[in-house]
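Colleague: Got a predicted model here, sequence first, then my questions.
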Amino acid sequence: MIIHRCFLALLLLLLFSCQKDFYLDELNAAQAEIERINAHKTNLESQLNSLLEQNATLLSQNSQLSQHLTELQTALEEATISLESAEILLEEYAQQLILLAGIRDGLYKRTQIKIASSLAILDTMAYTPDKEIFTSHYQIKDSLITFWGVVRDSSAFNSLPYFQELNYRDNYYATRTVIDQRLINATEFQLVLDITQNRGEENEEVLFANLILSPSEHIPFQRTNAELLKEYRELGTGIFSDSIYAAIDFFDPYSHLDAFIKDAARHGVDISHLNASDFELIWEPDDFDDAVGYAFKACNPNSIGIGLRKSDWNNESIRDFNDFRLSLMWHEFGHDILGLEHLCQGGHIMTGRHQDPQIINSQEECDSEHVNIWGLTYDNEDAYRNFQRATKNMFEGYFQKQFECLSGKPGIIYD
């Protein structure tokens, strides 16, 4: 009996000892696996952080890829994704960045385009080939894309085709988000943009564009403003057929004042007491985002105060049927010299549906087509869009509204 008890005790001791070793082995194996997983996770996070840091500039123009990388970073931190899946995604995103970095610097033109109200619809559509006229051109530098400008055809606004540079303020992507950008072959690449119009406003129009860009050797119809101005003067078309407008030094705001005084005189309005010494001009820098121009002395009949964003004034392309500078100055002088408010009715120099636009007769005026100074053209056969008719209405006070200056100055009027 004693022997049996001793044997049983020995057996139990051996059994417990074996179980202990077994559980220790399991525990050690589990600990090793945890350490391996943590090391793998740390390595993936390190790779991801490196990608984000090294490609920060490139990712700033590729919101979709940037978002994907950020989401992957969060998923790794919160352990909501398997390491195997994370590794596959990380490799895919790294490959996309390699492709982006491989886009060569230089000039590109848009060769194909499709536009839709959603990315899903965009994927189902076929591309439309671009023509040489009205073709967008892009500049690639250090693998980053900059919208450069558009070849404009002759139209109601201009009689000569020309290249209009649009990125001189480097603000093109303030209203456009690059969703995707990738090589599709050795030379061409695809660009997907969010080009939503009037973002955040009642009339917001959600739009997306998918473009194919190809290398280009040159830009057709590229002319400097000096060259365009010389050609338009020789043609004598549009505003250059008018003796007052044709004599303007187009890049001198004070020359526009001289012309405005003469224009007023031929419409029966005498403002000859005004001259350059009464004109306070403020040049605004590129980062001034309130407006391209504004008036700030609307209720002072003997003083003029106008602010202009300098880069727009210097760089907007000359046109012969609706020039940016002439149109802008006539509108601002309308505020500052004639004391006129914005109108809700379209088709006028003072049309502007912002800053409390005025109604003359009825609310229906606000439902009219919103043709403002930028939509009026010289000699337009459509009276609603005719610059001379709108100018005559402005000077003669027809369908205009003056500021109530006795009740207080209107402050700055942005346009």
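Modeller: On my side now, so go ahead. Numbers count the residues shown, from 1 in each chain.

Colleague: these two touch, right, Gln402 and Ile337?
Modeller: No. Using C-beta atoms under 8 Å, Gln402 is not in contact with Ile337; the gap is 11.6 Å. Heads up, the C-betas are built off the backbone N, CA and C, glycines and all.

Colleague: ok, these two, which is more surrounded?
Modeller: A side-by-side neighbour count of Gln402 and Ile337, using other C-beta atoms under 10 Å, places Ile337 first with 25 against 13.

Colleague: which residues of the stretch 251-400 of the chain fall in strands?
Modeller: In the stretch 251-400 of the chain, the segments counted as strands under DSSP state E, counting those that start in this stretch are 279-284, 293-295, 304-309.

Colleague: Just put these in JSON lines and tack on mean neighbour count.
Modeller: Formatted as JSON lines, those follow (neighbours: other C-beta atoms under 10 Å):
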{"stretch": "strand 279-284", "mean neighbour count": "15"}
{"stretch": "strand 293-295", "mean neighbour count": "24"}
{"stretch": "strand 304-309", "mean neighbour count": "23"}
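
Colleague: and of these, who's closest to Cys366?
Modeller: strand 293-295 (22.2 Å; C-beta to C-beta).

Colleague: Neighbouring strands - and their directions - for that closest one?
Modeller: The sheet places strand 293-295 alongside strand 304-309 (antiparallel), strand 413-414 (antiparallel), with pairing taken from DSSP bridges.

Colleague: Mean pLDDT lowest where, among the ones you listed?
Modeller: Comparing mean pLDDT across the strands paired with strand 293-295, the lowest value falls on strand 413-414: a mean of 90.

Colleague: Helix, strand, or coil at Phe147?
Modeller: strand (DSSP: H, G, I helix; E, B strand; the rest coil).

Colleague: Quick check, it in contact with Tyr138.
Modeller: Yes. In this structure, Phe147 is within contact of Tyr138 by C-beta under 8 Å, at 5.8 Å.

Colleague: so what sits against both of Gln402 and Ile337?
Modeller: Among the neighbours of Gln402, none is also in contact with Ile337 (C-beta atoms under 8 Å, 6 or more residues apart in numbering).

Colleague: Mind putting the strands of the stretch 251-400 of the chain into a markdown table with distance to Asn386?
Modeller: What follows is these, written out as a markdown table (distance: least, C-beta to C-beta, whole Å):
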| stretch | distance to Asn386 |
| --- | --- |
| strand 279-284 | 28 |
| strand 293-295 | 23 |
| strand 304-309 | 25 |
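
Colleague: so which of those gets nearest Asp194?
Modeller: Of all the strands of the stretch 251-400 of the chain, strand 304-309 sits nearest to Asp194, with 25.2 Å by C-beta to C-beta.

Colleague: Residues contacting stretch 85-93, please?
Modeller: Stretch 85-93 has contacts (C-beta under 8 Å, 6+ apart) with Leu44, Gln47, Leu48, Leu51, Leu65, His68, Leu69, Leu72, Ala75, Leu76, Ile81.

Colleague: ok now it, how far from the chain's centre?
Modeller: Relative to its chain's centre, stretch 85-93 lies at 32 Å (C-alpha atoms, centre = their mean, to the nearest Å).

Colleague: If we go by neighbour counts, what in it is buried?
Modeller: For stretch 85-93, a neighbour-count test (16 or more other C-beta atoms under 10 Å) marks Ala86, Leu89, Leu90, Tyr93 as buried.

Colleague: Helices - which of these land there?
Modeller: Mapping the buried residues of stretch 85-93 onto helices (DSSP state H) picks out Ala86, Leu89, Leu90, Tyr93.

Colleague: In those, find the pair that's most separated.
Modeller: Spanning the widest gap among these are Ala86 and Tyr93, at 10.5 Å by C-beta to C-beta.

Colleague: Run through the stretch 201-350 of the chain and note the low-pLDDT ranges.
Modeller: Along the stretch 201-350 of the chain, the model assigns pLDDT under 70 to no residue.

Colleague: if you set the cut-off to 80 instead, what comes out?
Modeller: 201-202 (pLDDT under 80).

Colleague: now the helices for it?
Modeller: Counting by DSSP state H, counting those that start in this stretch, the stretch 201-350 of the chain has helices at residues 225-235, 243-246, 253-266, 310-315, 324-336.
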